[in-house]
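*Asks:* 3D model of this:
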Amino acid sequence: MAPDPISRDTARRSTWDERCTAWHLLDRPDLGVDEQCLPPGSSSRAHTHDRSRQFFFVLSGEATVVLGRQTMTVPAGTGIEVPPRVSHELRNEGDTDLEMLVVSAPKVAGKPYAHRTRPLARSRGGLVVGSYLRATRRGDLRTVVDIEEALDTRQWIGQGGLEWHAAVLEDPRMEHWVLVDRLDRVLAFGIMASSDQAGVVELRRTVVAPEGRGQGLGRLLLRQLLEQARARPQVTTVWLDVGDDNTRARSLYRSFGFVEKEPPPWATLLDNGLYMEWNATLHEG
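*Replies:* Numbers count the residues shown, from 1 in each chain. All right, here's what the predicted structure looks like:
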């Protein structure tokens, strides 16, 4: 029996980098065929595939392909081969959508456009060497979103994405921080928000990259964020909202002295959120 024809309407659809769309026309372990649409100004990240050989064929628009150290233009009606283990990046520098077919043999597994993580240098105690907190820069946001979109993190996150984090950076009521190693690689991030309530700060988000978990980075991030809050003389209370089924996070917060309480009327929580509060006056010195 012959397989049914497949199209955009019937194929599985996914998005990457918030703006780009892929329709998975053929999705077999030995062969993947995607139709992709990249709006103007969008791009993939430079990446490699250990096993997969790819062919990019431009249906409409014009692609800029960085292949190793070469940058070339691929117009509509033409294509280019990408061998395994060759770094490549795809950009749409034109004014119209870039539509193309991407053929991969074997199929590319995982997130093909995510940054490849590199091993982190660790001390004998396991902690990533030279980790410190600094203010987030706009150039950090792609990595922040990658950390946020990890499969075991996404379920705990509300709003997010590049535009949301960019807006946080511009909001004077918000503080966006990253924990980085000595090579300035982002390992984790946290967000604090000022409150209309006197002396109150909200710890809105803390997330550690998957490759950095189990190394004490969550504790380090939380400790340094609380130090930032305590450095303000007027701050007496830090509160946060945590899912009642996120037992790992709740245990961490309790170990720092956060206490579960009935939420005050001004606090907005997730549907299954618990209000936890940390009193700075009880943790002086």
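*Asks:* C-alpha from now on. contacts and neighbour counts both.
*Replies:* Will do.
*Asks:* where are the low-confidence patches of the stretch 51-200 of the chain?
*Replies:* By pLDDT under 70, the low-scoring segments of the stretch 51-200 of the chain are 109-130, 151-158.
*Asks:* 80 instead, please
*Replies:* 68-69, 109-131, 149-160, 182-183 (pLDDT under 80).
*Asks:* Show me the strands in it, by range?
*Replies:* Chain-ordered strands for the stretch 51-200 of the chain, with DSSP state E, counting those that start in this stretch as the definition, fall at 53-60, 62-67, 70-75, 79-82, 88-91, 98-105, 132-135, 174-180, 186-194, 200-208.
*Asks:* could you dump these to JSON lines with mean neighbour count and distance to Thr10?
*Replies:* Below are the strands of the stretch 51-200 of the chain laid out as JSON lines (neighbours: other CA atoms under 10 Å; distance: least, CA to CA, whole Å):
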{"stretch": "strand 53-60", "mean neighbour count": "20", "distance to Thr10": "19"}
{"stretch": "strand 62-67", "mean neighbour count": "21", "distance to Thr10": "26"}
{"stretch": "strand 70-75", "mean neighbour count": "14", "distance to Thr10": "28"}
{"stretch": "strand 79-82", "mean neighbour count": "16", "distance to Thr10": "25"}
{"stretch": "strand 88-91", "mean neighbour count": "20", "distance to Thr10": "26"}
{"stretch": "strand 98-105", "mean neighbour count": "22", "distance to Thr10": "16"}
{"stretch": "strand 132-135", "mean neighbour count": "16", "distance to Thr10": "45"}
{"stretch": "strand 174-180", "mean neighbour count": "22", "distance to Thr10": "41"}
{"stretch": "strand 186-194", "mean neighbour count": "23", "distance to Thr10": "38"}
{"stretch": "strand 200-208", "mean neighbour count": "21", "distance to Thr10": "36"}
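*Asks:* In JSON lines: these, plus distance to Thr247.
*Replies:* JSON lines is the format used below for those (distance: least, CA to CA, whole Å):
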{"stretch": "strand 53-60", "distance to Thr247": "42"}
{"stretch": "strand 62-67", "distance to Thr247": "44"}
{"stretch": "strand 70-75", "distance to Thr247": "48"}
{"stretch": "strand 79-82", "distance to Thr247": "44"}
{"stretch": "strand 88-91", "distance to Thr247": "40"}
{"stretch": "strand 98-105", "distance to Thr247": "40"}
{"stretch": "strand 132-135", "distance to Thr247": "25"}
{"stretch": "strand 174-180", "distance to Thr247": "23"}
{"stretch": "strand 186-194", "distance to Thr247": "19"}
{"stretch": "strand 200-208", "distance to Thr247": "15"}
